[in-house]
Every structure is written in structure tokens, then in C-alpha cells.
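>>> here is a sequence together with a model predicted from it:
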Amino acid sequence: MRSAIQIERSAFLLHPLAMLFMLLAVSTAAADDGYRLWLRYDQLPVAAAAKYQPHVRFIVVAGNSATMDVVRAELVKGCSGLLGHEVTLADTVSGEGVILVGTPAISREIAAFGWSRQLEALGKEGFVIRSARIKNRPAIVIASNGEIGALYGAYHFLRLLQTLKPIDRLNIIDRPRLQLRVLDHWDNLDGSIERGYAGRSLWNWSDLPEKLDPRLTDYARANASIGINGATINNVNADARILTAEYLRKVAAIANVFRPYGIRVYLSPRFSAPIEIGQLKTADPLDAEVAAWWRNKAAEIYQLIPDFGGFLVKANSEGQPGPRTYNRTHADGANMLAAAVMPHRGIVIWRAFVYDYKPGYDRAGAAYTELQPFDGKFAANVLLQVKNGPIDFQPREPFHPWFVAMPRTQVIPEFQITQEYFGWSNHLVFLASMWREFLDSDTGAAGRGSTVTKVIDGTLYHQKITGIAGVANTGTDRNWTGHHFAQANWYAFGRLAWNPDLPSQQIANEWIGMTLTHDAKAGRDIARIMLESHEAVVDYMTPLGLHHLFWGGHHYGPAPWWDKEKREDWNPVYFHKADDRGIGFDRTEKGSDTMAQYHAPGREKFASLQSCPEKFLLWFHHVPWDYRLRSGARLWDALAFHYQRGVDWTRAMRKTWEELKGVVDEERHRAVAQKFAIQERDALAWRDACLLYFQTFSKRPLPRGVEKPVKSLEEYKAKSLLEIDSFNRKVDKSSNQ
Ligand code: GCV
């Protein structure tokens with residue numbers, strides 16, 4: 001056995017895979033700057049490693065393909081690192097402690113198990129991981145019907161080791177619940193990122209296609225490890241040039257890097273591209289020449305990128321061109337593009353973020369009014385992508401009524417992983433809790449328990465293509481996401497996309513174990529911080545259903561007084577409607593009646609002041625300042641308590657983190673501690689600015705227990721939090737709302 005492996009190893013060194021392996025090794029050289037994300041593979045605690053050692057000695061990976069080479073490289077690197085001894089590749093199963101990976105098509109041993117039917121049912125991305133016997137010796141088998149499934153299985157196995165799970169009696173059967181699990185990058189061709197807070201774009205357009213940054217490979221590894229299988233690589237506020245031959249060659253180079261990892265590339269086309277780069281006079285979707293232009297463009301793309309995913313389109317939204325420009329419907333536009341990609345099995349993801357302004361309307365209801373009449377009118381390869389809430393990625397929103405409004409339309413949710421409305425990459429907020437709240441929301445569509453998850457995974461409306469998208473928070477910052485803890489949101493998005501039922505606690509625990517520490521007490525403390533963080537941020541930014549109180553344009557920090565935007569529905573004053581009587585947006589039948597877009601019985605629950613969940617109170621109701629909440633506190637006092645509670649939490653969190661010095665490595669500990677200092681300072685400003693401003697209407701004193709504001713309202717109004725910044729933040733110049 002030993003000599004066989006040695007021969008195998010020397011052959012391996014000549015193999016192109018060896019180069020990839022060495023490349024991966026180089027990327028781990030720098031200690032704890034966060035670059036390695038959750039794929040650190042540092043040695044496990046000695047006792048755990050000792051337990052694993054007899055089970056993990058040799059890796060046997062069937063097949064010769066780029067994907068199976070990745071499986072080899074990742075398992076050797078991962079197992080060797082974690083166990084602290086060299087785990088080697090072998091070409092046949094003999095001896096004990098073998099991990100065998102493959103598909104029935106490429107591995108005789110796996111075919112011999114007779115699992116083919118089960119593997120078929122799990123699809124090309126599903127897998128089993130089993131303790132089995134091969135040649136009468138114990139082994140661990142990672143099997144799938146597809147090579148990408150085998151890769152996912154390998155990452156799952158590594159996660160078991162990384163999170164110290166037992167591996168002596170394995171029988172894991174897993175498959176992704178949603179088909180399309182896509183990251184949307186709002187990356188511009190000049191390298192900037194709209195709402196990006198972690199450096200520049202990862203795609204270096206001027207170097208491509210000749211030079212491929214190794215970081216592209218590490219990006220693909222990270223995504224594959226959590227099951228993400230798509231990336232839309234340019235901004236939905238699109239530049240038509242992305243579809244020129246010059247750029248498509250660059251896109252193809254990226255797609256080639258991603259392919260072995262099961263990641264398909266998507267593009268955001270500009271609807272007016274036929275005019276801008278095609279020299280046509282119109283982009284009218286019903287014009288024959290326009291449709292032909294898109295058909296040819298699709299054929300050109302698929303010639304270069306045979307597994308191209310399709311188009312993600314922002315049309316007639318916030319100034320973007322679209323079919324409405326030509327008096328056509330959204331369905332006309334989407335279906336025309338869908339016809340162009342259909343012969344290549346491509347799809348069109350049409351964003352439902354449309355809110356044509358009408359005086360006196362309610363922005364929260366606009367998409368429904370505009371698109372609901374087209375339910376059932378979209379082509380079979382069109383999906384509508386809907387933000388989780390009806391406004392715009394606010395710290396807390398009720399679920400978008402769309403998730404029950406379009407039973408004959410394929411709908412996928414869009415999350416925002418990048419923290420546009422969450423203190424950018426300066427605040428710790430673990431978004432899994434918010435996404436869980438959304439996914440668990442009971443839509444009432446088909447009786448109790450009709451959760452959003454059941455809508456989007458096809459259980460309720462049987463949609464054929466399912467999926468989910470997340471606006472990426474990645475960039476060229478060494479740690480990828482700006483804040484070390486923001487990596488957890490990328491991780492959480494992938495894990496929930498794979499299984500929308502995963503508890504936030506499990507996701508947090510996994511990430512902490514893989515990324516920060518195996519110390520049990522420290523792990524519990526960090527998990528508590530993460531799990532409490534969303535509620536705390538809501539407390540100090542927008543409690544009790546308030547929304548969009550952000551400084552205009554850059555959306556960093558509070559400006560509830562803001563009324564300068566040209567559209568009234570871009571102004572905070574439009575959203576909170578504070579006056580002498582009270583505060584909140586009346587969406588009941590006495591107000592905008594947007595509540596009617598929800599399904600009973602949820603609708604009735606929201607409609608009554610008494611039964612409306614207090615976390616959504618001011619979202620749905622304009623409530624008098626003296627209204628008594630369930631706690632007995634008056635609304636004004638309760639509002640103030642929420643703001644204070646948020647600030648208190650930031651202080652407690654800083655203390656807990658301080659106590660973790662020495663448990664978490666110094667470099668990341670210090671970086672996070674500095675971010676926490678900013679977070680506390682910002683929370684304080686949020687509390688003071690909002691309470692001082694709302695007090696001009698409530699005319700009531702701050703209740704006992706709420707601290708006196710540090711500055712005056714005028715001072716808070718004079719400068720945004722970015723301008724008083726002493727931590728060298730970069731201002732996002734984009735001014736889109
Ligand atoms: C890409 C919000 C953001 C914009 C973003 C838009 C969208 O309005 O502020 O930056 O544009 O959403 O989702 O299209």
C-alpha cells in the first residue's frame with residue numbers, strides 16, 4: 001500500500017492539480033487575516049484529531065475531471081491540515097481509513113453498493129456519506145450521481161471534521177432544497193461596487209481574460225463549499241458593454257474558472273443594449289429586429305459559455321430602461337428575453353423591484369399593483385426575483401405580499417447580504433436570524449403553516465424552477481467582507497439556500513467552529529452575540545416597525561428628518577409619518593390599504609392594532625404617542641426603551657468580546673474590537689438623533705432609564721455619521737435610493 005501511494009504521490013506532483021494544491025497552500029500562508037474564510041483547515045484540538053485519524057488516512061477519488069481534481073485537492077489539504085498529519089491520495093481502495101469519493105458512473109466500488117436508485121433521486125447535486133465496508137474493511141464513502149454532488153459531499157465531510165462531529169457511524173443523505181442558489185454582484189465595469197463595503201470588485205476587467213487572479217479560484221471554492229451554484233457578476237444597474245464581444249471573452253474566462261466548482265455565470269443585461277451596442281433604433285421588446293438581436297446575442301454568449309445561466313434584469317426601476325419605456329408590459333420584456341435564451345436552456349430572472357411613483361401611493365404596494373395582473377403570463381423559463389420585504393432590505397420588514405400573490409408565477413426571494421442598511425461593514429449583524437424570520441413567516445395561503453419557505457421551495461404552488469439570490473458582500477479586502485463577522489452572512493446565505501429550514505443557531509455554531517474557535521464557552525458567547533445582533537440593531541435603528549430612517553444617498557446613519565429627495569417615497573419623513581398625534585404608516589383600509597395584499601388570516605392579524613405583532617406596529621399603523629403597548633408602556637416610552645436597549649447591547653457585546661482576548665487570535669480580535677467601537681458610537685448616534693427628532697412631535701420627556709443625548713438635534717442634522725468618521729470610511733458615491 002505504502003509504495004503504491006508513493007508512486008501515486010510522485011505522479012501527483014507532476015499533475016496540474018499539484019499546482020492548484022500548492023496555490024491553495026500559499027493562500028494559507030498568512031496567519032489570521034481572515035482570508036481563508038471558513039476553509040481554514042488548521043489543526044483540530046489533539047483529542048479530536050486523534051479520534052478521526054484511524055478513519056481518515058487515505059483519499060481515493062474516482063474519475064479524471066477538473067471537478068474530481070478539486071475534490072482530491074480539497075480533501076487532501078483539508079484532512080491533512082485538520083488532522084495534523086499527511087493524509088495521502090491512493091488510487092485504489094486497500095487498507096483501512098479510506099475515504100472513497102465518486103459517482104456510480106466513474107467508480108466501480110460505488111456502483112457495486114447498489115445505491116444507484118437513491119443517488120438518482122438525490123439528483124446531480126445531492127449526495128450520501130456513509131460508513132461502509134469495502135473489501136471487508138471499514139471505509140467512508142461519499143457518493144453522488146453527479147460530480148458536483150460529490151464535491152458538495154466532500155465539503156460536507158470536511159465540515160463534519162471542522163465542527164468536531166462524530167464520523168464513526170455515518171449515514172448522511174442530503175440534497176439542496178432550492179435549485180438556483182445565486183450570488184448577485186452589484187459590480188460595475190470600472191471596478192467599483194454599488195453598495196459594496198469590502199473593497200473593489202473581484203473581477204479585474206483590465207487583466208481579463210489573459211490574467212486570472214487566483215482569488216477567483218478561492219471565491220469559487222468558498223461558494224462551492226456552501227452549495228452556491230451561480231453568480232451574476234455585474235450590477236443590475238447595468239452597463240450595456242458587458243454584452244460586447246470584448247467583455248464576453250472576459251466573462252468566459254471567469255466562467256472557465258468557476259465551472260469545476262459547479263458555479264454558473266449569469267449577466268445583467270441593459271434592456272436598451274440593442275440601441276447602445278447594437279446600433280438599433282429601438283429596444284422595443286415586440287420589435288422583430290430587437291428580438292432577433294437578443295437571439296443572436298444569446299447564441300454568441302452560449303458559444304463562449306455553454307453553461308451560461310441566463311439574464312438577471314432590472315427594468316423600469318429607478319431610472320433603468322425597460323419594456324414600459326415602449327409602452328409594453330413587464331411580461332412582454334421578460335418573455336422576449338426568455339425566448340432568446342430558451343433554445344440554450346437559459347433562464348431570465350426578472351426583478352420585481354418596481355415602484356413607479358404616483359402621488360399619494362404607498363411604495364410598499366407598488367410592485368404588487370404593477371405586476372400582479374400578469375400572474376401566469378410569464379414564460380416557463382422566467383423567474384421573478386422579489387426582495388424579502390416590500391420596501392428595500394430594511395433592518396426589519398414583514399414578508400413581501402408577493403410571496404402569496406403570484407401562485408402561477410415562479411418567484412424567488414432576493415436577500416441583501418451586503419449591509420446597505422445595516423451600518424455597512426462596520427456593524428456586526430448576523431442576518432441569518434432575519435432571513436429565518438422571513439422564511440418562517442406564515443403566509444396563510446393554504447391554511448396554517450403555509451410558510452414562505454413552502455412557497456419558495458415549490459411545496460405550495462409547485463413551481464418547477466426554484467431558487468434564491470443574495471446580493472453579495474464580497475470585495476478585494478483581504479478578509480473578503482470588510483468585517484470578519486460579515487463572512488458569517490455569506491456563509492449563512494449559502495447554508496439557507498441549501499436548506500431553508502436550518503436553524504440560525506446551527507449556522508452560527510458551524511461558522512464559529514470553522515472560523516473562530518473550538519473553545520466551547522467562547523463559542524457560546526460568540527453565538528449569543530451573533531444571535532442577538534439582529535434584534536439589537538433593529539432596536540437602535542428602526543424599532544417597532546419603523547423603516548427607512550436613513551441618511552439619503554449613502555444610507556449610513558440616521559436622518560429621520562430627511563425630506564430632500566426629489567421623490568417623496570425616497571424620504572424618511574414619508575415612511576415614519578410622525579406628527580403631533582403619533583407615528584407610523586397607516587396601511588390599513590383607513591390608510592393606504594396595502595394590507596389588503598396579504599392573505600387572511602395574517603391580514604386580519606396585521607390589521608388590528610391589538611393583534612398586530614409589535615415588531616411591525618408602526619409599519620402597518622399610525623399609532624398615538626400614548627398608546628399602551630402589551631408591556632403596559634406608552635408608545636413614546638417604549639420607543640425610547642428600544643433605542644436605549646440597542647445601545648446597551650453594543651456595550652455588553654464589547655465587554656464579552658474583550659473577555660475573549662486570547663481565545664480568538666490577536667489579529668482578528670483587534671480588528672473586530674475596533675469595529676465594535678464604531679458600532680457602539682453609531683448606535684448612540686442613532687438613539688439620540690431619532691429620539692431628539694421624534695421628541696419634537698411627541699413633546700414628551702425621555703423616560704427614566706434612557707440616557708440624555710450626547711449632542712443636540714441640530715448637531716446630528718448638520719453632519720452624517722460618515723462625516724464625523726474618524727475611522728477612515730469610504731463614502732459610497734452612488735445616490736440611488
Ligand atoms: C442596485 C436600492 C439600492 C440601490 C439598488 C436598488 C436595487 O434602491 O439603494 O443601490 O440598485 O436597491 O435593488 O435595484
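Thanks, I have the structure now. Numbers count the residues shown, from 1 in each chain.

>>> any stretches of this protein with poor pLDDT?
1-31, 724-737 (pLDDT under 70).

>>> longest helix of it?
When the chain is scanned for its longest helix (criterion: DSSP state H), the result is helix 666-698.

>>> can you give me the buried ones in that one?
By neighbour count with 16 or more other Cβ atoms under 10 Å, helix 666-698 contains the buried residues 668-669, 671-672, 675-676, 678-695, 697-698. Quick note: C-beta positions are derived from backbone N, CA and C, even for glycine.

>>> now it: how far from the chain's centre is it?
For helix 666-698, the separation from the chain centroid amounts to 24 Å (computed by Cα atoms, centre = their mean, to the nearest Å).

>>> and for stretch 73-88?
29 Å.

>>> just to revisit the earlier point, which secondary structure elements does the helix or strand following the longest helix of the chain sit against?
Going down the chain from helix 666-698, the next helix or strand is helix 713-718, by DSSP states H and E. Applying 3 or more Cβ pairs under 8 Å, 6 or more residues apart in numbering; DSSP states H and E, we find helix 713-718 packed against helix 666-698.

>>> quick one: the helices in the stretch 101-250 of the chain, in order.
108-112, 116-122, 147-162, 214-225, 245-258 (DSSP state H, counting those that start in this stretch).

>>> go through those helices and pick out the most buried.
helix 147-162 (a mean of 24; mean count of other Cβ atoms under 10 Å).

>>> contacts with the ligand among the buried residues of helix 666-698, please.
Among the buried residues of helix 666-698, no residue sits close to the ligand (Cβ under 6 Å from any ligand atom).

>>> show me where the stretch 301-450 of the chain has its strands.
With DSSP state E, counting those that start in this stretch, the ranges of strands along the stretch 301-450 of the chain come out as 310-313, 347-351, 382-387, 411-416.

>>> tell me the contacts of R345?
R345 is in contact with N381, counting by Cβ atoms under 8 Å, 6 or more residues apart in numbering.

>>> show me the contacts for the most centrally placed residue in the chain.
Nearest to the mean C-alpha position of the chain, by Cα atoms, centre = their mean, lies G470 at 3.5 Å. Neighbouring residues of G470 by Cβ under 8 Å, 6+ apart: V182, L183, D184, E414, F415, Q416, I417, W490, F493, A497.

>>> quick one: what helix or strand has it in it?
With DSSP H and E as the test, G470 turns up in strand 467-471.

>>> relative orientation of that strand and strand 382-387 in degrees?
50 degrees (axes from the mean of the first three to the mean of the last three Cα atoms, to 10 degrees).

>>> what sits up against the very next helix or strand once past strand 467-471?
Counting by DSSP H and E, the next helix or strand C-terminal to strand 467-471 is helix 487-498. Helix 487-498 has contacts (Cβ under 8 Å, 6+ apart) with 34, 37-38, 176-178, 181, 183, 222-223, 225-228, 415, 417, 419, 429-432, 435-436, 439, 468, 470, 472-474, 479-481, 502, 504, 507-508, 510-511, 515, 530.

>>> for helix 487-498, list the C-alpha coordinates in CSV.
Output of helix 487-498 as CSV, limited to C-alpha atoms (Å, rounded to 0.1, in the frame of the first residue of the first chain):
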residue,chain,number,x,y,z
GLN,A,487,-18.3,36.5,6.4
ALA,A,488,-20.9,34.7,8.5
ASN,A,489,-23.6,36.3,6.4
TRP,A,490,-22.1,35.0,3.2
TYR,A,491,-21.9,31.6,4.9
ALA,A,492,-25.4,31.8,6.2
PHE,A,493,-26.8,32.7,2.8
GLY,A,494,-25.3,29.6,1.3
ARG,A,495,-26.5,27.3,4.0
LEU,A,496,-30.0,28.6,4.0
ALA,A,497,-30.1,28.5,0.2
TRP,A,498,-29.2,24.8,0.5
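
>>> partner residues bridging the nearest residue to A472 once chain neighbours are set aside?
Spatial nearest neighbour of A472, excluding adjacent residues (Cβ to Cβ, 6 or more residues apart in numbering): L183 at 4.4 Å. Applying DSSP bridges to L183 yields these beta-bridge partners: A231, G470.

>>> L183 and N229 touch, don't they?
No: the pair L183 and N229 does not pass the contact test of Cβ atoms under 8 Å, sitting 9.8 Å apart.

>>> what touches both of these two?
N223.

>>> in the stretch 401-550 of the chain, what residue lies closest to the ligand?
Closest approach of the stretch 401-550 of the chain to the ligand (Cβ to the nearest ligand atom) occurs at E420, with a separation of 5.9 Å.

>>> who are the contact partners of that residue?
Contacts of E420 (Cβ under 8 Å, 6+ apart): R195, F393, H555.

>>> go on, M68?
M68 neighbours (Cβ under 8 Å, 6+ apart): V61, A62, V101, G102, I106, E147, A150.

>>> K165: which of these is nearest?
V101 (18.1 Å; Cβ to Cβ).

>>> what bridges to that closest one?
Beta-bridge pairing for V101 (DSSP bridges): V61, I142.

>>> thought A62 was touching P104?
No: A62 lies out of contact with P104 (Cβ under 8 Å); the separation is 9.6 Å.

>>> which of these two has more residues huddled nearby?
A62 (23 against 20; other Cβ atoms under 10 Å).

>>> so which bits of stretch 612-621 are buried?
C612, F616, L617, L618, W619, F620, H621.

>>> let me have those residues in JSON lines, extended by distance to the ligand.
Supplementary listing: the buried residues of stretch 612-621 in JSON lines, determined by distance: Cβ to the nearest ligand atom, whole Å:
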{"residue": "C612", "distance to the ligand": "27"}
{"residue": "F616", "distance to the ligand": "21"}
{"residue": "L617", "distance to the ligand": "25"}
{"residue": "L618", "distance to the ligand": "21"}
{"residue": "W619", "distance to the ligand": "18"}
{"residue": "F620", "distance to the ligand": "22"}
{"residue": "H621", "distance to the ligand": "25"}
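
>>> now the two most distant members of these.
Maximum distance among the buried residues of stretch 612-621 (Cβ to Cβ): 9.6 Å, for C612 and L618.

>>> which of the strands of the stretch 301-450 of the chain is buried the deepest?
In terms of average neighbour count - mean count of other Cβ under 10 Å - the standout among those is strand 310-313, at a mean of 28.

>>> hmm, who's touching that one?
Against strand 310-313 from outside (Cβ under 8 Å, 6+ apart): 184, 232, 236, 266-269, 271, 322, 333-334, 337, 341, 346-351, 381, 385, 469.

>>> ok, and which of those reach the ligand?
Counting by Cβ under 6 Å from any ligand atom, the subset of the contacts of strand 310-313 that neighbours the ligand consists of V236.

>>> picking that back up, which of the contacts of G470 sits closest to D213?
Nearest to D213 among the contacts of G470, with distances taken as Cβ to Cβ, is L183, at 17.1 Å.

>>> the closest one: neighbouring residues, count only.
25.

>>> repeat for D392
Neighbour tally, D392, other Cβ under 10 Å: 20.

>>> nearest spatial neighbour of it, skipping sequence neighbours?
Nearest non-adjacent residue to D392 (Cβ to Cβ, 6+ apart): H548, at 7.2 Å.
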